[in-house]
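Visitor: Any chance you could fold what I've pasted below:
(chains A and B)
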Amino acid sequence: MEEEKKTYSRRSFLKVTSISGGGMLIGFSWMANLMPNIALSKEHPTKDWIKLTGFIEINALNEIKLYSPNPEIGTNVMTSLPMLIAEELDIEWETVIVEQGNYDTPRFKSQFTGGSMAINMAWIPLRTAGATARQMLMQAAANQWNVPLKELTTTKGAVYHSATSRSLSYGALAAAASILPIPDKVPIKQNTEFSLIGTHQKNVVGKKIVTGKPLYTLDYQEEGMLIAMAIHPPAFGMQLKSFNAADALKMPGIKDIFDIKVY
Amino acid sequence: MKKFKLNINNKEYQLEADENTPLLWAIRDLIGLKGTKYGCGIGACGACTVHLDGTPVRSCQLPISVIENQEITTIEGLSETGEHIVQKAWLELDVAQCGYCQTGQIMTAAALLKMTPDPTDEDIDNFMSGNICRCGTYTRIKKAIQLAAKNKL
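Guide: Numbering: from 1, shown residues only, chains lettered A, B, ... in the order given. Now for the predicted structure:
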């Protein structure tokens, strides 16, 4: 185990400048997401999911839900990002439930996919999130068994104390773990210790895709929602001078026609 | 506005719409089956492919007024649980990336195999050439069709 001594434990500002020459500046703190939240049951009244960091939820049945913070644009980050968390958390990938995080920047911070940045930016923060949750689960077990943390090990979603042949599933420990203080320094694995990272795993939404179930932006519908269509100039660099919408406005269903200033 | 009857996935739907409404928007907006995707609206990308009596058609180009008692099949009707041989091959080879075009890819592939159960590479290339994939999953699509054709699943 390698002690992660960087300043990721509670706050981290990763600044990325000049992406694609656009002068984009992204500053964010992933680790602000590591706050325990035992009030989560309000969001899930039927399943008592306990939040361990902003990315992990565990219930008493030992079901583990991982949130993929970044949008999926076809690079399979919805599969690879949760793998980073699962690696450090020591859980069985086959049992993981992956959910796409909503647009919720206070919770997920960086919600940007592009420029080959997603894994790059998530590499340490998401692994630290997994490792932090794991350590809190181990601490909860250590407290319950009254044994030192260093005598505990984890595998496949459970904490073990081999000296006394005891074990508890993460699901049994999650509630106690969620109210513990967040540890400052959390060890993360060395690359040679990986068992999940570096393996091929199938697209987590593959089955939904082949049955036509995933919903994309264009599938979003809300009561009273209108559809806008943009008409672009016929060539790049052209500017709109004027337009006559009189005839178009007579067409059924047309509510309005207006120009918008882009850049 | 006129009244129309559509038989989609063995279910009859009655709807009221302009006769020029493309089948795609009847399926998506009036009936609410969102698995069929809008890609280009000009029949150039294949994302909106559905079956009309087993033949693949671009639903964005087909006004509902020209459909007469034909059976329409969408991705939801191919197999809701993913048991169709093409869906199984797709999963086996992990074909999809973002997935947006895959409805159209799968519907076209299913129609190909129905008409040509043992297609040559050239058959596959020709039949699938109208379905565009921005993620570039073409090589896996081809392998998946070959796998489904050999029926080894």
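
Visitor: Run a quick neighbour tally on the residue of chain B found nearest chain A.
Guide: Nearest residue of chain B to chain A: residue B:35, at 2.3 Å (C-beta to the nearest C-beta). Placement of C-beta: from N, CA and C, glycine included. If you count neighbours by other C-beta atoms under 10 Å in any protein chain shown, residue B:35 ends up with 25.

Visitor: how close does the closest residue to it other than its chain neighbours get to residue B:79?
Guide: Closest residue to residue B:35 apart from its sequence neighbours, by C-beta to C-beta, 6 or more residues apart in numbering or on different chains: residue A:212 at 2.3 Å. Residue A:212 sits 10 Å away from residue B:79, going by C-beta to C-beta, to the nearest Å.

Visitor: Just the CA atoms of stretch B:51-71, as PDB, please.
Guide: Taking Å, rounded to 0.1, in the frame of the first residue of the first chain, the C-alpha atoms of stretch B:51-71 are listed here in PDB:
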ATOM      1  CA  HIS B  51     -39.100  -3.100 -39.500                       C
ATOM      2  CA  LEU B  52     -42.200  -2.800 -41.800                       C
ATOM      3  CA  ASP B  53     -43.400  -6.300 -42.300                       C
ATOM      4  CA  GLY B  54     -39.900  -7.400 -41.700                       C
ATOM      5  CA  THR B  55     -38.200  -5.000 -44.100                       C
ATOM      6  CA  PRO B  56     -35.900  -2.400 -42.600                       C
ATOM      7  CA  VAL B  57     -37.200   1.200 -43.200                       C
ATOM      8  CA  ARG B  58     -36.000   4.600 -42.200                       C
ATOM      9  CA  SER B  59     -38.900   5.700 -40.000                       C
ATOM     10  CA  CYS B  60     -37.900   9.400 -40.300                       C
ATOM     11  CA  GLN B  61     -38.800   9.300 -44.000                       C
ATOM     12  CA  LEU B  62     -42.000   7.400 -43.900                       C
ATOM     13  CA  PRO B  63     -45.300   9.400 -43.500                       C
ATOM     14  CA  ILE B  64     -47.800   7.500 -41.400                       C
ATOM     15  CA  SER B  65     -50.400   8.000 -44.100                       C
ATOM     16  CA  VAL B  66     -48.700   5.500 -46.400                       C
ATOM     17  CA  ILE B  67     -48.700   2.700 -43.900                       C
ATOM     18  CA  GLU B  68     -51.600   0.300 -44.400                       C
ATOM     19  CA  ASN B  69     -52.100  -2.600 -42.000                       C
ATOM     20  CA  GLN B  70     -48.400  -3.400 -42.100                       C
ATOM     21  CA  GLU B  71     -46.700  -4.700 -39.000                       C
END
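
Visitor: and the residue nearest to residue B:35, what is it in contact with?
Guide: B:33-36, B:74-76, B:103 (C-beta atoms under 8 Å, 6 or more residues apart in numbering or on different chains).

Visitor: which stretches of the stretch 1-150 of chain A form strands?
Guide: For the stretch 1-150 of chain A, applying DSSP state E, counting those that start in this stretch gives strands covering A:2-3, A:16-17, A:25-26, A:50-52, A:56-58, A:64-68, A:97-100.

Visitor: do the same with chain B
Guide: In chain B, the segments counted as strands under DSSP state E are B:2-8, B:11-17, B:49-52, B:55-58, B:71-73.

Visitor: Would you reformat the contacts of residue A:212 as CSV and include pLDDT?
Guide: Output for the contacts of residue A:212, formatted as CSV (pLDDT from 0 to 100):
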residue, pLDDT
B:33, 97
B:34, 97
B:35, 98
B:36, 98
B:74, 98
B:75, 98
B:76, 97
B:103, 98
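
Visitor: Could you export these to CSV, including columns for distance to residue A:138?
Guide: Listed next are the contacts of residue A:212 as CSV, based on distance: C-beta to C-beta, whole Å:
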residue, distance to residue A:138
B:33, 47
B:34, 44
B:35, 44
B:36, 48
B:74, 49
B:75, 45
B:76, 45
B:103, 45
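
Visitor: for the strands of the stretch 1-150 of chain A, which one ends up most surrounded?
Guide: Mean neighbours per residue, mean count of other C-beta atoms under 10 Å in any protein chain shown, is largest over these for strand A:56-58, with a mean of 28.

Visitor: what about the residue of chain B closest to chain A, distance to residue A:223?
Guide: Distance, residue B:35 to residue A:223, by C-beta to C-beta: 22 Å.

Visitor: same check, this time on residue B:118
Guide: For residue B:118 relative to residue A:223 (C-beta to C-beta), the value is 49 Å.

Visitor: Of these two, which one has the most company?
Guide: More crowded of residue B:118 and residue A:223, by other C-beta under 10 Å: residue B:118, with 10 against 4.

Visitor: surely the more buried one meets residue B:146?
Guide: No. If you go by C-beta atoms under 8 Å, residue B:118 and residue B:146 don't touch, sitting 9.6 Å apart.

Visitor: Secondary structure element holding residue A:183?
Guide: Residue A:183 belongs to no helix or strand when assigned by DSSP states H and E.

Visitor: Name the nearest residue to it, ignoring sequence neighbours.
Guide: Nearest non-adjacent residue to residue A:183, counting by C-beta to C-beta, 6+ apart: residue A:135, 5.3 Å away.

Visitor: In this structure that neighbour contacts residue A:185, no?
Guide: No. With contact defined as C-beta under 8 Å, residue A:135 does not count as touching residue A:185 (9.5 Å).

Visitor: quick one: secondary structure of residue A:241?
Guide: The three-state assignment at residue A:241 reads coil, by DSSP: H, G, I helix; E, B strand; the rest coil.

Visitor: Could you check how many residues crowd around residue 81?
Guide: Reading this off chain A. 26.

Visitor: Correction: the question concerned chain B.
Guide: Using other C-beta under 10 Å, residue B:81 has 8 other residues around it.

Visitor: Then residue A:147?
Guide: 15.

Visitor: where's it relative to residue A:184, distance?
Guide: From residue A:147 to residue A:184 the distance is 21 Å (C-beta to C-beta).

Visitor: what does residue B:22 give?
Guide: In this view, residue B:22 and residue A:184 are 59 Å apart by C-beta to C-beta.

Visitor: So between those two, which is more surrounded?
Guide: Higher neighbour count among residue B:22 and residue A:184: residue B:22, with 20 against 9, using other C-beta under 10 Å.

Visitor: so how far is residue B:33 from that one?
Guide: As judged by C-beta to C-beta, residue B:22 and residue B:33 stand 14 Å apart.

Visitor: coming back round to it: give the contact list for the residue of chain B closest to chain A.
Guide: By C-beta under 8 Å, 6+ apart, the contact set of residue B:35 is A:211-213, B:74-76, B:103.
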